[in-house]
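Visitor: no sequence on this one, just coordinates:
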């Protein structure tokens with residue numbers, strides 16, 4: 001029986017499966033014939049129109065921008081397929097340019113379209129929070145909500161809207177909140193860089209009270225300035241409202257510097273009518289400090305206001321003092337925790353912590369329950385992978401480790417994962433690339449001992465330690481290899497042609513080599529184990545054990561490096577390929 005002859009229900013299931021594993025193939029199905037076109041069209045629309053991202057910078061243009069979007073959705077009959085609305089930008093005082101373009105196009109569908117990724121996880125969002133100061137410029141003006149009416153009408157026309165991300169620097173407008181409550185009560189509201197204006201303008205406190213007690217409010221990024229009295233008032237007000245929002249599950253507390261001049265007169269309603277004093281049942285807590293390492297208080301101060309027993313995802317994304325990790329090990333408990341993202345580096349970046357830090361970090365990791373997902377950033381080999389595997393191995397399904405320069409997994413580390421992590425199916429780690437010698441092959445064979453491993457991302461580190469050693473001459477080099485190079489690679493010793501040769505051999509990876517690495521790992525797996533489905537290879541390298549992106553060695557690595565992704569054939573008759 002041909003594919004086209006299958007019942008429509010079966011074809012629809014196949015199309016939805018393809019949309020999950022390879023979205024671009026859905027659009028190829030549209031071209032097969034009229035029957036496939038009809039069955040795949042709705043899935044294709046759900047990919048193309050999943051997210052509408054609108055940037056509003058001028059009040060005068062909002063209505064026209066929304067009308068342009070509605071016209072596109074109307075033409076494609078795509079209103080029912082929009083699941084997420086992202087509003088961003090800031091309203092400028094200057095009038096728009098004469099040739100201002102209001103045209104809107106849906107985001108392109110990529111091979112790995114992160115449809116459900118939180119936009120606050122993006123790099124550019126973090127950059128905005130870390131120093132543009134736009135929050136300050138845009139919040140000391142009079143609030144004008146009248147221009148948002150057309151956006152409220154758009155919300156009414158999106159029956160499948162699940163998430164509304166307000167990344168705009170203006171306060172979330174009352175008409176949008178009313179539209180959510182009246183027409184889209186199931187839609188989750190996510191507020192970026194939230195500031196309570198009631199501290200400065202008591203007349204606005206009624207809307208803000210409705211906002212922070214809204215059943216739609218799902219996540220919030222509070223913005224406060226602890227270096228000034230008004231910032232302390234902001235923080236005090238925020239912690240009082242944590243227990244007011246009945247469905248608040250995610251908070252990203254951020255602190256920064258500002259220049260507000262507030263009296264605090266508008267705090268009356270939030271402080272005199274705090275509601276229930278029960279801690280908030282937060283499921284995801286992300287804490288990041290912009291300028292200083294975290295102290296123990298960075299988490300402990302939230303204990304009266306957050307029920308840590310409900311936290312499932314803990315994201316600690318900035319430098320932490322070792323004493324803080326030790327204190328959290330003793331005083332805080334996260335019985336429901338399943339995902340941890342932990343930054344282990346310093347504020348300087350690329351510099352390892354003091355030796356006493358890593359036992360404290362290990363102790364903190366061992367104080368947590370067995371986790372299913374662990375993400376370690378700026379990892380150093382002084383933090384034992386074996387100890388981590390023994391404690392978290394029984395439940396660990398996903399492990400992602402980004403190491404400091406020159407820090408890579410050893411064969412012993414990988415074998416420990418294979419021994420203690422029977423469920424581990426997705427992993428991203430750095431390993432040393434050594435021109436394909438026996439040591440490197442042993443690493444690939446060790447990866448085959450991780451029984452359930454299906455998706456593997458390997459960062460091949462091509463750093464050359466001989467550039468950082470006094471005796472940097474390889475006895476196997478010939479006269480040409482021993483000649484000094486015209487351009488120095490950036491180590492403590494002057495580089496030679498042999499260093500260039502090693503760099504080229506390690507960095508230049510072609511398709512046959514990438515495929516052979518995939519084959520070595522796959523062959524090392526036992527016959528009754530799940531097959532390796534995907535392998536991604538990327539290259540990194542430094543001439544010295546710290547980040548120096550401007551040195552010649554790093555430049556050549558970036559210039560010659562390529563990334564490879566090898567997939568196992570999904571067709572049943574070709575699963576061995």
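Guide: In hand now; what should we look at? Quick caveat, the model's predicted, so the values are computed rather than measured.
Visitor: Report the buried residues of the longest helix along the chain.
Guide: As assigned by DSSP state H, the longest helix anywhere in the chain is helix 59-76. Buried residues in helix 59-76, counting neighbours by 16 or more other Cβ atoms under 10 Å, are found at 59, 61, 62, 63, 65, 66, 68, 69, 70, 72, 73. C-beta coordinates here come from the backbone N, C-alpha and C atoms, glycine included.
Visitor: and of the residues you listed, the nearest to residue 39?
Guide: Nearest to residue 39 among the buried residues of helix 59-76 is residue 73, at 21.8 Å by Cβ to Cβ.
Visitor: related to what we said a few turns ago, rounded mean pLDDT for the longest helix of the chain, please.
Guide: Helix 59-76 shows a mean pLDDT of 92.
Visitor: and residue 78, what is it in contact with?
Guide: 45, 48, 49, 72 (Cβ atoms under 8 Å, 6 or more residues apart in numbering).
Visitor: How is this protein partitioned into domains?
Guide: 1-47, 49-278, 465-574 (automatic domain parsing).
Visitor: Tell me how far the shortest one lies from the chain's centre.
Guide: Per Cα atoms, centre = their mean, to the nearest Å, the displacement of domain 1-47 from the mean C-alpha position of its chain is 30 Å.
Visitor: And what about residue 304, helix, strand or coil?
Guide: coil (DSSP: H, G, I helix; E, B strand; the rest coil).
Visitor: Can you tell me the closest non-neighbouring residue to it?
Guide: residue 279 (6.9 Å; Cβ to Cβ, 6 or more residues apart in numbering).
Visitor: What count of nearby residues applies to that neighbour?
Guide: 17 (other Cβ atoms under 10 Å).
Visitor: Would you confirm that it contacts residue 309?
Guide: No - proximity of residue 279 to residue 309 does not meet the contact threshold set by Cβ atoms under 8 Å, at 9.1 Å.
Visitor: all helices in the stretch 51-200 of the chain, in order from the N-terminus.
Guide: 59-76, 123-129, 134-139, 149-156, 174-183 (DSSP state H, counting those that start in this stretch).
Visitor: so what secondary structure elements neighbour the fourth one?
Guide: Helix 149-156 sits against helix 59-76, strand 84-88, helix 174-183, with contacts defined as 3 or more Cβ pairs under 8 Å, 6 or more residues apart in numbering; DSSP states H and E.
Visitor: want to throw these into a markdown table with distance to residue 241?
Guide: Formatted as a markdown table, those follow (distance: least, Cβ to Cβ, whole Å):
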| stretch | distance to residue 241 |
| --- | --- |
| helix 59-76 | 29 |
| strand 84-88 | 22 |
| helix 174-183 | 15 |
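Visitor: Residue 320: which of the ones you listed is closest?
Guide: strand 84-88 (30.2 Å).
Visitor: Pick the one among the contacts of residue 78 closest to residue 193.
Guide: residue 49 (27.0 Å).
Visitor: what sits against that closest one?
Guide: 73, 76, 78, 81, 82, 106.
Visitor: repeat for residue 221
Guide: By Cβ under 8 Å, 6+ apart, the neighbours of residue 221 are 120, 129, 191, 192, 193, 194, 251, 252, 253, 254.
Visitor: what about residue 34, how many neighbours?
Guide: Counted with other Cβ under 10 Å, residue 34 comes out at 7.
Visitor: same question, the one 10 residues further on
Guide: Residue 44 is surrounded by 19 other residues when neighbours are defined as other Cβ under 10 Å.
Visitor: Kindly report the same for residue 469.
Guide: 12.
Visitor: Looking at it now. What's its pLDDT?
Guide: Taking residue 469 on its own, its pLDDT is 71.
Visitor: so where do the helices sit in the stretch 451-577 of the chain?
Guide: 497-507, 511-524, 552-560.
Visitor: Compare those and report which one is nearest to residue 356.
Guide: Counting by Cβ to Cβ, residue 356 lies closest to helix 552-560 out of the helices of the stretch 451-577 of the chain; the figure is 30.4 Å.
Visitor: State the mean pLDDT of that closest one.
Guide: The model assigns helix 552-560 a mean pLDDT of 90.
Visitor: relative orientation of that helix and helix 497-507 in degrees?
Guide: Angle of helix 552-560 versus helix 497-507, following axes from the mean of the first three to the mean of the last three Cα atoms, to 10 degrees, is 40 degrees.
Visitor: for helix 552-560, packing partners?
Guide: helix 497-507.
Visitor: Run through the stretch 201-350 of the chain and note the low-pLDDT ranges.
Guide: 201-205, 224-233, 255-277, 290-291, 349-350 (pLDDT under 70).
Visitor: List phi and psi for the residue lying farthest from the centre of the chain.
Guide: Centroid-distance maximum for the chain: residue 479 at 48.6 Å, with Cα atoms, centre = their mean. Dihedral pair for residue 479: phi -60, psi -40, per degrees, to the nearest 10.
Visitor: Then residue 427?
Guide: phi -150, psi 140.
Visitor: The nearest residue to it once chain neighbours are set aside: what secondary structure?
Guide: Spatial nearest neighbour of residue 427, excluding adjacent residues (Cβ to Cβ, 6+ apart): residue 399 at 4.9 Å. Under three-state DSSP, residue 399 falls in the strand class.
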